[in-house]
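Enquirer: Next come a sequence and a model predicted from it.
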Amino acid sequence: MFGDTLAEHARLVITQLAHAEEHLADLRDGTGGRVAIGTLLSASAELLPTAIARLRKERPKLVVKIVEGTNDVLIPALRAGELDMVVGRLSELRDRLNVVQEVLMDDIACVVARRGHPLAERGELSLADLIGWEWILPPQETSLRRQIDIAFREEGLEPPPHAVDSVSLLTNRALLIDADYLGVFPAQVARREAALGAIVILPVTLQATAIPIGITTRTNARLSPAAEVLVETLRRTARDLAQ
């Protein structure tokens, strides 16, 4: 155990030293820098890409590394210094993870299906009406999956037992469009997919999935100038999207 702890601290120190030269160059230049961002699906559709596009107009030399995944993968990478921040649905385990969270905007997950799905023609639906269909859901270890399960149990129902576990947007979209699967997307993703025309949002509320989207950083971490500017850009973008 002591060896693992020492190794974790050593990796963090090495990572910080590796970034030190980049930070000094950024302070001299002011138009570049490097930011490594972990993102969950909830932020990858609109909030994060909009903020990055805005920031790179101000900092054309900025190098952005994006790692998509779930919190069980991204938070350890953040704590090891491999990521500057994680942007997406905030984990409920903040105190145990020893991280700092900042709320940017609210989010709730939506049940989605292909346009033309038999359920899409119904005016009113309950979760009970969705039992028996094939589902695509986030993996069991994710907060969103736990919240989806709670939403079913609050209605006295058992969650879908044999769902496809996936956070791959491309795979999920293909399964939804090519078959009669049901899926659960964060609101930003669901709205964007619905605007493209192939996916519809079903009139079902998953109240248990209501949780903020925000920024997660290491406790007591000092962000680089480029990362600090990205944080401010994310704040402005979230305010604009909420209007």
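Expert: Good, I have the coordinates.
Enquirer: After the helix or strand where Q147 lies, heading C-terminal, what element do we hit next?
Expert: Secondary structure from DSSP states H and E places Q147 in helix 143-154. As assigned by DSSP H and E, the chain's next helix or strand after helix 143-154 is strand 164-165.
Enquirer: just to revisit the earlier point, any chance you could list what contacts the helix holding Q147?
Expert: Helix 143-154 has contacts (C-beta atoms under 8 Å, 6 or more residues apart in numbering) with 71, 89, 91-93, 109, 127, 137-139, 158-160, 165, 184, 186, 206-209, 211. Yep, even glycine has a C-beta here, placed from its N, CA and C like the rest.
Enquirer: Now list the buried members of those residues.
Expert: Burial by neighbour count, 16 or more other C-beta atoms under 10 Å: within these this picks out 71, 89, 91, 109, 127, 137-138, 159-160, 184, 186, 206, 208-209, 211.
Enquirer: Which of those residues sits closest to A53?
Expert: The shortest approach to A53 among the buried ones among the contacts of helix 143-154 belongs to P186, at 19.8 Å (C-beta to C-beta).
Enquirer: E141 belongs to a strand?
Expert: No: in this structure, E141 is coil, not part of a strand, as judged by DSSP: H, G, I helix; E, B strand; the rest coil.
Enquirer: low pLDDT regions in this protein?
Expert: Counting by pLDDT under 70, the chain shows low-confidence ranges at 1-32, 94-96.
Enquirer: ok, which stretches of it are helices?
Expert: 2-29, 41-44, 47-58, 71-79, 94-97, 143-154, 169-178, 187-196, 225-242 (DSSP state H).
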